[in-house]
Structure formats: structure tokens, C-alpha cells
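[1] Based on what follows, work out the 3D shape:
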Amino acid sequence: MTDAEVENRKILLKSSVFRDLPPEKLDELARTVQSRVARPNEIIFKEGDPPDSFYIIGSGRVRIFVSHKDRIVRELSVRGPGEHFGEVSLLAGDTRTANAESLVETQLVVLSKEQFDSLLRDYPYLSRNFVRDMRGWLLKDQEIIEEETNAVIRASRVFWFDFVLVIGVSVLLAITFNFSNPYGIPLIPERPEAVASISASAAMEDYRQGQTLIVDAMPNNFYRKRHIKGAVNMPMALFDIVYLISFPEEEKDKKIVVYGNTISRPYDLEIADKLLLRGHRDVKVLDGGLQAWEANGYPVE
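    Model prediction:
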């Protein structure tokens, strides 16, 4: 291998997505991918561009951001060595939904759309790696939204411009998530028939027998503090991503119990509704939420 191919292989091995590829495939990619150096503050691609390439960063930094027609700019993330970008539009088959700009001189390994599609076809497990990374980025975005919302609530006085700005940023992030997610989130959710409730004692009986999947509808920062042992965290903003990872298509008959805090019951009901709309036939909401479960001495972690 040439020096350039050896360097390409090192960069590919830094990537959490590609490092588990067979050695012979890594060698092939190292020979066929393109290398590119982006100058400081160079726009690598813009919103609306065709999805023609996937990028892995060898060195340097790239910021991903979206811009609004009213000149509101929202920075989504900054990526560094070993991280990647550009996959969202390739996976969704749509135009670019964000901008990418190098912050310093940045070395990139570039895969064409044809190479990217071929890898996903030959190694389907790579799709799971992308979904895992996207979920992590979306969790960070969700925490940013929560922090901004809490700051607004704590403020003694909010001028109308500041209020519009916060709402605009929240809507912009929601639109960005919809564009980057092939399933999307409906702005006005449909509601099926009323969701049934289940007592903590009845839910525990099924839990002991391993017959029930427990779904925690609380935001991730609350879930990390305390949750029912073995529960799957599914905050509303990440419903589609978590659903793709955690709910096999063939288990539509499995019992599901959704819970949160007492004050979050509307969110619990909305998550339960969405599961019913996806075809799950036995979905209930836990009466009293996590507090009722803990009050009975049932397992949490």
C-alpha cells in the first residue's frame, strides 16, 4: 500500500462505524476512497445540495449547522477526528438538511454515494451503527432544548423577540429531526382509542414472568437518574430512532407498559398512542408512574 492508502486505512479504523469491517474490505476502501483537505472556514456542503458523499474526519474540526431565512443560525454539533458526517441525507435519500463547515484545516476521507450504498448493502449491520450515533446526537439536541426551555421559565421577564427566538430554535430543531429521520414525527399526532391503564401490582406480575416490555417515556436525563430496572428509554423526541432499535417487527403481540412521572402522564399517553398506531395490540399506561412502582418496593436502577 502507498503512504496515502496507509493513512486512509488509519482514518477508517478511527471511525466507530467502519472499524469492525473485515481487514480485506478496509484495505479495498483505503485504496479507493478519496482524500481531501478542507481549508479553514470552507463550506463542505450546504442545505439543499445533493447527497453525493460521506465524510470521515482524519484531523481538524467540522461544525454542522442549520440556517433560517431570517438569519437565525443553529449549531447542531462540532465533529472531530474519527467522527463522520453527511450520512443523514444518504440514508434518507433526500437533499442535504444542514451545512458543514471546516473550522480549521481539516483532513477528510470521502466515500462516494455509490461506495456508501454498496457498503450498506454488503454489510447491513452498519445501518445499526449509524442509528446508534444519530440517537446520541439527538439526545444532546434534546438536552439543549430542555435547558433553553428551563431558562425561559426561570426568567423574570422575556421580551417578545427573545420569546420568538427560543420558539424558532425549537421549531428549527424539530424540522431538522424530521428531515433527518425517514419516518418523521407528525406535528399533530393521531389518537386511536383510549389507552388502558394498569396497576403497579398487575404490571409487576407480568414483569416477573418476563412477559412485558417496560417503556420509560421520561427525558433521558431523568431516566439516567432512576428508572424501572430493564426499562427502555423512549422520550418523545427520539421515538422513531428508539423504535427502530428496540422493537422487532415480529413482536406486535408482546405486552407493553409505558410509564413516566405523575406530571408527565400526557407524554406517557402519547407514547402509548404512537405504539398502538404502529400496530402493537397490548399497550397500557402504568397508574401512578414510577412513584407507584417504587412505593411498592419494586426494582429500580
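
[2] tally of neighbours for S246?
    A count of nearby residues for S246, using other Cβ atoms under 10 Å, gives 12. In this view, the C-beta of every residue, glycine as well, is placed from N, C-alpha and C.

[3] That one touches V232, doesn't it?
    Yes: with contact defined as Cβ atoms under 8 Å, S246 reaches V232; the gap is 5.0 Å.

[4] what residues are shared contacts of the two?
    Taking Cβ atoms under 8 Å, 6 or more residues apart in numbering as the criterion, S246 and V232 do not both touch any residue.

[5] How about Q34: which residues does it bridge to?
    Applying DSSP bridges to Q34 yields these beta-bridge partners: V110.

[6] Pull up the per-residue confidence for it.
    On pLDDT, Q34 comes in at 93.

[7] go on, N181?
    50.

[8] do L26 as well
    For L26, the pLDDT comes out at 91.

[9] Then R39?
    Looking at R39, the pLDDT reads 96.

[10] After the lowest-mean-pLDDT helix or strand in the chain, which helix or strand is next?
    Least confident element among the helices and strands of the chain, by mean pLDDT, DSSP states H and E: helix 160-180 (a mean of 55). Later in the chain than helix 160-180, the nearest helix or strand by DSSP states H and E is strand 196-198.

[11] Please name every helix or strand in contact with that next one.
    strand 283-286 (3 or more Cβ pairs under 8 Å, 6 or more residues apart in numbering; DSSP states H and E).

[12] so after the strand it packs on, what's the next helix or strand?
    Downstream of strand 283-286 (by DSSP H and E), the next one is helix 289-295.

[13] for that next one, what is the average pLDDT?
    For helix 289-295, the per-residue pLDDT averages 87.

[14] May I have that helix exported as PDB, CA atoms only?
    The C-alpha coordinates for helix 289-295 follow below in PDB (Å, rounded to 0.1, in the frame of the first residue of the first chain):
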ATOM      1  CA  GLY A 289     -46.000   6.100  37.200                       C
ATOM      2  CA  LEU A 290     -42.600   5.500  38.600                       C
ATOM      3  CA  GLN A 291     -43.700   6.700  42.100                       C
ATOM      4  CA  ALA A 292     -46.300   4.000  42.400                       C
ATOM      5  CA  TRP A 293     -43.800   1.300  41.200                       C
ATOM      6  CA  GLU A 294     -41.200   2.500  43.800                       C
ATOM      7  CA  ALA A 295     -43.900   2.800  46.600                       C
END
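
[15] What residue spans form the domains of the protein?
    3-130, 196-295 (automatic domain parsing).

[16] for the shortest one, the distance to its chain's centre please.
    Read that as domain 196-295. Between the centre of domain 196-295 and the centre of its chain there are 19 Å (Cα atoms, centre = their mean, to the nearest Å).

[17] Please apply the same query to the longest one.
    In this view, domain 3-130 has its centroid 17 Å away from the chain centroid, taken as Cα atoms, centre = their mean.

[18] Quick one: end-to-end distance for that domain.
    29 Å (Cα to Cα, to the nearest Å).

[19] Reformat the domains of the chain as TSV; add distance to E301.
    Formatted as TSV, the domains of the chain follow (distance: least, Cβ to Cβ, whole Å):
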stretch	distance to E301
domain 3-130	25
domain 196-295	5
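
[20] just those domains: most buried one?
    domain 196-295 (a mean of 18; mean count of other Cβ atoms under 10 Å).

[21] Now do A4 against R39, distance only.
    According to Cβ to Cβ, to the nearest Å, A4 stands 19 Å off from R39.

[22] no wait, G82
    Taken as Cβ to Cβ, the span from G82 to R39 is 21 Å.

[23] where does the spatially closest residue to P299 that is not a sequence neighbour fall, phi/psi-wise?
    Setting aside the residues directly before and after it, P299 is nearest to K229 in space (Cβ to Cβ, 6 or more residues apart in numbering), at 4.1 Å. Here is the backbone geometry of K229 (degrees, to the nearest 10): phi -60, psi 130.
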